[in-house]
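>>> mind looking at a prediction? Sequence and model below.
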Amino acid sequence: MSEVIYVAEDNVGQRIDVFLVNKLVDASRANIQKNIVEGVILVNNKNVKANYKLRLGDVVEIRTQEVKEAKIEAEEIALDILFEDKDIIVINKARGMVVHPAVGNYSGTLVNALLAHCKDLSGINGEIRPGIVHRLDKETTGAMVAAKNDKAHLSLAQQIKDKTAQRKYVAIVHGNIKEDFGIINGAIGRHKTDRKKMAVVKENGKEATTNFTVLERFGEYTFVECKLLTGRTHQIRVHLTHIGHPIVGDNKYGVRKSPFKIDGQALHSASLALTHPTTAENMFFEAPMPDDMLKILEKLKILYKR
């Protein structure tokens, strides 16, 4: 399996490594250069150097799957397991853990950890994403479910598609959200000038809806709950920034430097409700908030005497 990108007139003369940094989300220039050297990235089916200057009509191919499959290995990585049986495993994902291997991240992912922990995982998403039904951003913490067999995978994926599986998040954001609750509607697509970011766009975007409820206000900060009605890349982060309330610690979408100690955005998948794929039991899982978010809330309560 390969990803193919056609070079348009606007990109003629640009170095291929610079071009791909702007095209691929969360891929560093160093890792792109490494993949060029290893032959993962080709131009017109040929190996090139990182300083290759693109020409109109060039076909850039990223041979993702065959390389990733060869590099994926089981790794003994500690997991915070909320529930597990023969069909599913629910975990509280740690901050900084990538969900599945991608360009520049072949090890240390949740998939590597699951391969070591679980005897079986569903194969529907192929060898690079075994068991993965949905994902969380690298720096987002909290509840997520993986499937141990194809039957469970199909059931969970359908529940997410039909919106019968409920995912709720909590976030600490900049600014005081005046409304107690609301709905954010805005199609999400690639940012017009920064291709590594997503944004609310007028054209070529995918419909996206986020419901929010204010949990507590602290002066110039708000603790808010968000419920996804769609599942777009960086959806909550993009939508909250769009309404003028970027998440604390979000270096990609935030517009203000965070005064708090946190390595990533203060966004947590707090709960997950689903129907068990085999027993049809309604299940509800809560993931404790990480210490860094709890400390921020404690500090805000002291500062604003709550």
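Thanks, I have it.

>>> for the helix or strand that contains Ala146, name the packing helices and strands.
Per DSSP states H and E: Ala146 is located in strand 141-147. Other helices and strands packing on strand 141-147, by 3 or more CB pairs under 8 Å, 6 or more residues apart in numbering; DSSP states H and E, are strand 88-93, helix 150-162, strand 267-275, strand 282-286. Heads up, the C-betas are built off the backbone N, CA and C, glycines and all.

>>> recalculate using a threshold of 7 Å.
Contacts defined by 3 or more CB pairs under 7 Å, 6 or more residues apart in numbering; DSSP states H and E place strand 141-147 against strand 88-93, helix 150-162, strand 267-275.

>>> right, and the ones you listed - which one's nearest Glu220?
strand 267-275 (18.2 Å; CB to CB).

>>> centre of the chain to that closest one, how far?
Remark: strand 267-275 is offset 14 Å from the chain centroid, using CA atoms, centre = their mean, to the nearest Å.

>>> also stretch 222-241?
12 Å.

>>> buried residues, it. List them.
Buried residues in stretch 222-241, counting neighbours by 16 or more other CB atoms under 10 Å, are found at 222-228, 232-241.

>>> ok, and what's touching it?
25, 134, 137, 160, 163, 167-173, 175-177, 184, 186, 188, 198-200, 206-216, 245-247, 250, 253, 265, 267, 297 (CB atoms under 7 Å, 6 or more residues apart in numbering).

>>> please flag which of the buried residues of stretch 222-241 sit within strands.
Among the buried residues of stretch 222-241, the members found in strands (DSSP state E) are Thr222, Phe223, Val224, Glu225, Cys226, Lys227, Leu228.

>>> who does the first one bridge with?
When bridges are assigned using DSSP bridges, the partners listed for Thr222 are Val173, Arg217.

>>> how close does it get to Val248?
10 Å (CB to CB, to the nearest Å).

>>> do the same with the second one
Applying CB to CB, one obtains 10 Å for the distance of Phe223 from Val248.

>>> intersection of neighbour lists for these two?
With CB under 7 Å, 6+ apart, Phe223 and Val248 have common neighbours Ile172.

>>> how many neighbours does the residue lying closest to Gly186 once chain neighbours are set aside have?
Of all residues not flanking Gly186 in the chain, Val200 sits nearest, at 3.7 Å (CB to CB, 6 or more residues apart in numbering). Val200: 18 surrounding residues under other CB atoms under 10 Å.

>>> same check, this time on Lys168
Neighbour count of Lys168, defined by other CB under 10 Å: 19.

>>> now it: closest residue in space, sequence neighbours ignored.
Ser271 (4.7 Å).

>>> contacting residues for that neighbour?
Counted by CB under 7 Å, 6+ apart, Ser271 has contacts Ala143, Lys168, Phe284, Phe285, Glu286.

>>> quick check: His268 touching Met293?
Yes: with contact defined as CB atoms under 7 Å, His268 counts as touching Met293 (6.0 Å).

>>> quick one, phi/psi of the residue positioned nearest the centre of the chain?
Of all residues in the chain, the one closest to the mean position by CA atoms, centre = their mean is Asp137, 2.5 Å from it. With angles defined as degrees, to the nearest 10, Asp137 sits at phi -60, psi 160.

>>> need the contact list for it.
His234.

>>> what about the stretch 51-200 of the chain, any weak spots by pLDDT?
64-71, 103-104, 195 (pLDDT under 70).

>>> okay, strands next: where are they in it?
Secondary structure of the stretch 51-200 of the chain, counting by DSSP state E, counting those that start in this stretch: strands at 59-62, 81-84, 88-93, 141-147, 166-174, 181-185, 188-190, 198-200.

>>> which of the ones you listed sits closest to Arg129?
Using CB to CB, the strands of the stretch 51-200 of the chain put strand 141-147 closest to Arg129, at 9.7 Å.

>>> relative to strand 282-286, how tilted is the closest one?
150 degrees (axes from the mean of the first three to the mean of the last three CA atoms, to 10 degrees).

>>> which residues touch strand 141-147?
So strand 141-147 is contacted by 82, 88-95, 114, 121-122, 131-134, 136, 153, 156, 268-272, 274, 285, 287, 290 (CB under 7 Å, 6+ apart).

>>> show me which of those are buried.
For those, a burial check counting by 16+ other CB under 10 Å picks out 82, 88-93, 95, 114, 121-122, 131-134, 136, 153, 156, 268-272, 274, 285, 287, 290.

>>> and Thr210, what is it in contact with?
Counting by CB under 7 Å, 6+ apart, Thr210 has contacts Ile184, Cys226, Leu228, Leu229, Gln235, Ile236, His239.
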